[in-house]
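1. structure for this input, please:
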Amino acid sequence: MTFKGELKGVYPALITPFKKNGEVDIAGFRKNIDYVIEGGVSGIVPCGCTGEAATLSFEEQKLLLEVAVDQANGRVPVIGGSGSNNTSEAVELTKYAKDAGATAAMLITPYYNKPGDAGQILHYKTVAEKVDIPIILYNVPSRTGINMKPSVVAELAKIDNIIGIKEASGNPAQAAEIIELTRNNKKPFTVLSGDDNLTIPIMSYGGKGVVSVVANILPREVSQMVDCYLKGDFKKALDVYYKLAPIMRGLFIETNPIPVKAAASMMGLAAGPLRPPLTTMAPENQQKLKAMLEALGVLKKRRVAAKAKAKAGK
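-> Numbers count the residues shown, from 1 in each chain. Now for the predicted structure:
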């Protein structure tokens with residue numbers, strides 16, 4: 001499947017559900033994919049930071065990519081997380097994403113070894129040259145220890161199959177500079193927000209959507225916010241934003257994806273335990289999060305839907 005027109009909209013960074021014994025919950029992963037697609041998202045992103053990719057084995061990552069493509073079944077694009085701080089591993093994972101049928105690949109900047117500008121360009125250029133698949137850059141300094149400068153992004157944006165960036169520096173001005181430097185490129189280059197809370201500011205500069213954590217649990221609402229903004233209904237987009245603002249903050253009161261997996265469990269979605277070294281959400285924070293979900297009315301809706309489904313199954 002290829003992108004129909006422009007890369008834009010809402011792309012949930014999928015959580016990876018686990019069973020109690022620590023194995024990947026494939027059946028639950030499939031159900032979660034159906035849930036977000038039915039919620040109107042533009043595509044899905046398996047095996048990213050929110051999917052606990054750092055603690056997934058190569059075999060698990062490859063399996064999740066295969067399952068995501070199979071379950072999406074052409075309904076939406078699949079953007080496979082295939083980044084690594086080892087360039088040869090990034091090439092291998094990106095090749096696998098292509099072979100599995102992913103529409104595109106998303107690659108985080110090399111973490112821990114913290115390459116400079118030249119090293120970052122070499123890393124992405126190598127992957128882009130070796131794997132013929134659309135590539136989306138992923139800048140998240142809070143996770144990696146390095147910030148990809150707008151000038152570096154602009155240089156990489158000249159490469160044919162590098163089509164956009166998930167910009168999660170937390171700095172809307174940086175996103176604006178990236179758009180400024182790439183907006184007149186011969187080929188389209190898209191900036192997607194990597195922070196739910198900054199989606200509208202970044203879109204106001206010319207961004208086209210978000211790679212979202214919140215869309216794991218509220219895909220319809222996040223999609224509505226972005227769709228309204230893209231259509232020019234800014235008042236409605238802001239109304240939805242301010243409705244979601246508390247939960248956008250609430251899902252980051254502890255390290256992502258701890259809160260979103262707790263929220264998913266509360267809503268009856270597949271989540272399961274976290275992989276060490278991540279730990280269960282503190283009880284007091286669980287209560288805060290539950291109160292936010294109750295205030296939105298989503299827990300009641302999920303309970304009503306579950307009862308209706310159970311009744312229909314009898």
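
2. which stretches of the chain form helices?
-> With DSSP state H as the criterion, the chain has helices at 26-38, 58-72, 87-100, 117-130, 141-144, 150-156, 172-182, 199-205, 219-230, 234-250, 258-266, 283-296, 298-313.

3. now do G268 against L293, distance only.
-> 11 Å (Cβ to Cβ, to the nearest Å). In short, each C-beta sits where N, CA and C put it, glycine included.

4. with I135 instead?
-> Taking Cβ to Cβ, one finds I135 at 35 Å from L293.

5. these two: which is more packed in?
-> I135 (26 against 21; other Cβ atoms under 10 Å).

6. residues touching the closest residue to the more buried one other than its chain neighbours, list them.
-> Distance criterion Cβ to Cβ, 6 or more residues apart in numbering; nearest residue to I135, sequence neighbours excluded, is I162 at 4.9 Å. I162 sits next to 124, 128, 134-137, 156, 189 when contact means Cβ atoms under 8 Å, 6 or more residues apart in numbering.

7. kindly recompute the last result at 6 Å.
-> Contacts for I162 (Cβ atoms under 6 Å, 6 or more residues apart in numbering) come out as 128, 135, 156.

8. I253 versus that one, what's the distance?
-> Relative to I253, I162 is positioned 34 Å away (Cβ to Cβ).

9. equivalent analysis for E167, please.
-> Counting by Cβ to Cβ, the gap from E167 to I253 is 23 Å.

10. then A175?
-> 24 Å.

11. compare these two and say which is more crowded by neighbours.
-> Using other Cβ under 10 Å as the criterion, A175 and I253 rank with A175 on top: 30 against 15.

12. in JSON lines: the helices of the chain, plus distance to V211 and mean pLDDT.
-> Listed next are the helices of the chain as JSON lines, based on distance: least, Cβ to Cβ, whole Å; pLDDT from 0 to 100:
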{"stretch": "helix 26-38", "distance to V211": "12", "mean pLDDT": "98"}
{"stretch": "helix 58-72", "distance to V211": "14", "mean pLDDT": "96"}
{"stretch": "helix 87-100", "distance to V211": "16", "mean pLDDT": "96"}
{"stretch": "helix 117-130", "distance to V211": "17", "mean pLDDT": "98"}
{"stretch": "helix 141-144", "distance to V211": "13", "mean pLDDT": "94"}
{"stretch": "helix 150-156", "distance to V211": "15", "mean pLDDT": "98"}
{"stretch": "helix 172-182", "distance to V211": "13", "mean pLDDT": "98"}
{"stretch": "helix 199-205", "distance to V211": "10", "mean pLDDT": "98"}
{"stretch": "helix 219-230", "distance to V211": "11", "mean pLDDT": "98"}
{"stretch": "helix 234-250", "distance to V211": "14", "mean pLDDT": "98"}
{"stretch": "helix 258-266", "distance to V211": "13", "mean pLDDT": "98"}
{"stretch": "helix 283-296", "distance to V211": "21", "mean pLDDT": "96"}
{"stretch": "helix 298-313", "distance to V211": "21", "mean pLDDT": "73"}
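
13. reformat those as TSV; add distance to P276.
-> Formatted as TSV, the helices of the chain follow (distance: least, Cβ to Cβ, whole Å):
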stretch	distance to P276
helix 26-38	20
helix 58-72	15
helix 87-100	22
helix 117-130	28
helix 141-144	18
helix 150-156	34
helix 172-182	33
helix 199-205	31
helix 219-230	29
helix 234-250	24
helix 258-266	12
helix 283-296	19
helix 298-313	28
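
14. among the ones you listed, which is nearest T109?
-> helix 141-144 (5.0 Å; Cβ to Cβ).

15. buried stuff in the closest one?
-> When neighbours are counted by 16 or more other Cβ atoms under 10 Å, the buried residues of helix 141-144 are found to be 141, 143-144.

16. could you export those as JSON lines, including distance to D25?
-> Supplementary listing: the buried residues of helix 141-144 in JSON lines, determined by distance: Cβ to Cβ, whole Å:
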{"residue": "P141", "distance to D25": "31"}
{"residue": "R143", "distance to D25": "24"}
{"residue": "T144", "distance to D25": "28"}
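
17. ok, so of those, who is nearest Y11?
-> R143 (17.7 Å).

18. for that closest one, which non-adjacent residue is spatially closest?
-> Closest residue to R143 apart from its sequence neighbours, by Cβ to Cβ, 6+ apart: C49 at 5.9 Å.
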